[in-house]
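Undergrad: Attaching a predicted model along with its sequence, questions to come.
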Amino acid sequence: MTTSIAEGTLDSRITTAEPSVSDFLELMKPRVMSLVVFTSLAGLFAAPGQLHPVLAVIAVICIAVGAGASGALNMWYDADIDARMARTAARPIPRGRVTADEALAFGSVLSVVSVLTLGVLVNWVAGGLLALTIAYYVFFYTMWLKRRTPQNIVIGGAAGSFPPMIGWAAVTGGVSIESVLMFLIIFMWTPPHFWALALYRCRDYERVGVPMLPVVAGPDETRRQILLYSLALVPLAISPYFIGLGGIAYAAVSTVLGLIFLYLAFKVWRVREGREGDHAAKQLFVFSIFYLFLLFAVLLGEHIALKFQ
């Protein structure tokens, strides 16, 4: 009885406490935001021409804030299913640290401010792409695709693919084959990355009725799709070298990492039982983050070296 009363008191405190700065930062999905910032920097430095350092900093901050706004609005809309999934139950809204209305207001204000600031101070092509990214992620993916189709990640993945294109547009005021290629690399990376996670979190998605591919088509078909997308991703990720976007270092790193990615994807496809299957999926999921990060790190490093040589 004492334990129950104590737990009830603790829950009450969590529900009624004023939200902290860290709670609002958590709404912005900082880990996702950091990857967005990193890929946008690659687009910004890879773009031909120069952008004033102050405007470059403003552009990156706006892209980061826009990504954070998308995360907050996603958590607002998905609060009902987040509360029932082990992976997301500790998020600020399910835990009662932030109300749904606060998250909605926070995300909405950040969306408007980030788009207007980027458009007015940098250029409206970049601002328009940021607005498209936020709208795509919130309305098209979160509100429509996520709960209706097993292709949610495939189609919705475009939202997370725009940042390098926005960074490129901030400098050039337009888009090009190079920025589209960076977009496509992230776009093709997203399905094997998230489906690997969904394989060992399948029960979470099944419990809340989200039609992730393993829930709808089964784990075997998901493993097959992971392998097929990986086979398409790896040569695509090497191709920046052939159009001059990446140099020798990029070609070498993308080739080696690509072979490892394919090995892990093949392992996911081949190992289908119990803990070993879950372990293979976790390996691919973790490596996929490292893979994308290192690809864009090398690309960024090469272009920083070119600009400052």
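TA: Good, I have the coordinates.
Undergrad: going forward, measure contacts between C-alpha atoms and count neighbours the same way
TA: Fine.
Undergrad: for the chain, what's the longest helix?
TA: Using DSSP state H to define each element, the chain has its longest helix at helix 274-307.
Undergrad: Would you mark the buried spots in that one?
TA: Across helix 274-307, burial judged by 16 or more other CA atoms under 10 Å covers 277-278, 280-285, 287-288, 291-292, 294-300, 302-303.
Undergrad: Please apply the same query to stretch 240-255.
TA: Burial within stretch 240-255, assessed by neighbour count using 16+ other CA under 10 Å, is assigned to Pro240, Tyr241, Leu245, Gly246, Gly247, Tyr250, Ala251, Val253, Ser254, Thr255.
Undergrad: For the third one, what are phi and psi?
TA: So that's Leu245. With angles defined as degrees, to the nearest 10, Leu245 sits at phi -80, psi -30.
Undergrad: how does the chain divide into domains?
TA: By the assignment in automatic domain parsing, the chain contains the domains 20-175, 177-309.
Undergrad: highest average neighbour count across those?
TA: Each of the domains of the chain was scored by mean neighbour count; the highest is domain 20-175, a mean of 20, by mean count of other CA atoms under 10 Å.
Undergrad: And it, end to end?
TA: Start-to-end span of domain 20-175 (CA to CA, to the nearest Å) is 39 Å.
Undergrad: Dump the domains of the chain to JSON lines, plus mean pLDDT.
TA: Below are those laid out as JSON lines (pLDDT from 0 to 100):
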{"stretch": "domain 20-175", "mean pLDDT": "95"}
{"stretch": "domain 177-309", "mean pLDDT": "94"}
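Undergrad: The helix or strand where Val32 lies versus helix 274-307: what angle between them?
TA: Val32 belongs to helix 30-46 when assigned by DSSP states H and E. Comparing the axes of helix 30-46 and helix 274-307 via axes from the mean of the first three to the mean of the last three CA atoms, to 10 degrees yields an angle of 30 degrees.
Undergrad: Export only the CA atoms of helix 30-46, formatted as PDB.
TA: The C-alpha coordinates for helix 30-46 follow below in PDB (Å, rounded to 0.1, in the frame of the first residue of the first chain):
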ATOM      1  CA  PRO A  30      18.200  16.100 -30.400                       C
ATOM      2  CA  ARG A  31      19.800  12.900 -31.800                       C
ATOM      3  CA  VAL A  32      17.800  13.200 -35.000                       C
ATOM      4  CA  MET A  33      18.400  16.900 -35.100                       C
ATOM      5  CA  SER A  34      22.200  16.400 -34.800                       C
ATOM      6  CA  LEU A  35      22.200  14.100 -37.900                       C
ATOM      7  CA  VAL A  36      20.100  16.700 -39.700                       C
ATOM      8  CA  VAL A  37      22.600  19.500 -38.900                       C
ATOM      9  CA  PHE A  38      25.500  17.300 -40.000                       C
ATOM     10  CA  THR A  39      24.000  16.400 -43.400                       C
ATOM     11  CA  SER A  40      23.000  20.000 -44.000                       C
ATOM     12  CA  LEU A  41      26.500  21.100 -43.300                       C
ATOM     13  CA  ALA A  42      27.800  18.700 -45.900                       C
ATOM     14  CA  GLY A  43      25.400  20.200 -48.400                       C
ATOM     15  CA  LEU A  44      26.400  23.700 -47.400                       C
ATOM     16  CA  PHE A  45      30.100  23.100 -47.800                       C
ATOM     17  CA  ALA A  46      29.800  21.000 -50.900                       C
END
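Undergrad: Over to Ala89. Which of the three states is it?
TA: Look at Ala89: counting by DSSP: H, G, I helix; E, B strand; the rest coil, its state is coil.
Undergrad: unless I'm mixing things up, Phe194 is touching Phe285, no?
TA: Yes - counting by CA atoms under 8 Å, Phe285 is a contact partner of Phe194 at 7.3 Å.
Undergrad: Now do the same contact list for Ala170.
TA: Leu44, Leu51, Ala56, Ala59, Val122, Asn123, Val125, Ala126 (CA atoms under 8 Å, 6 or more residues apart in numbering).
Undergrad: what about it, helix or strand, and which?
TA: helix 163-172.
Undergrad: Check the offset of the very next helix or strand once past that helix from the chain's centre.
TA: Under the assignment DSSP H and E, the closest C-terminal helix or strand after helix 163-172 is helix 177-200. Relative to its chain's centre, helix 177-200 lies at 9 Å (CA atoms, centre = their mean, to the nearest Å).
Undergrad: I'd like the C-alpha coordinates of the helix or strand just after helix 177-200 written as PDB, please.
TA: Downstream of helix 177-200, the first helix or strand assigned by DSSP H and E is helix 202-208. Below are the C-alpha coordinates for helix 202-208, written out as PDB (Å, rounded to 0.1, in the frame of the first residue of the first chain):
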ATOM      1  CA  CYS A 202       8.000  -5.500 -34.000                       C
ATOM      2  CA  ARG A 203       5.800  -6.100 -31.000                       C
ATOM      3  CA  ASP A 204       5.800  -2.400 -30.100                       C
ATOM      4  CA  TYR A 205       4.400  -1.400 -33.500                       C
ATOM      5  CA  GLU A 206       2.000  -4.300 -33.500                       C
ATOM      6  CA  ARG A 207       0.600  -3.300 -30.100                       C
ATOM      7  CA  VAL A 208      -0.200   0.200 -31.200                       C
END
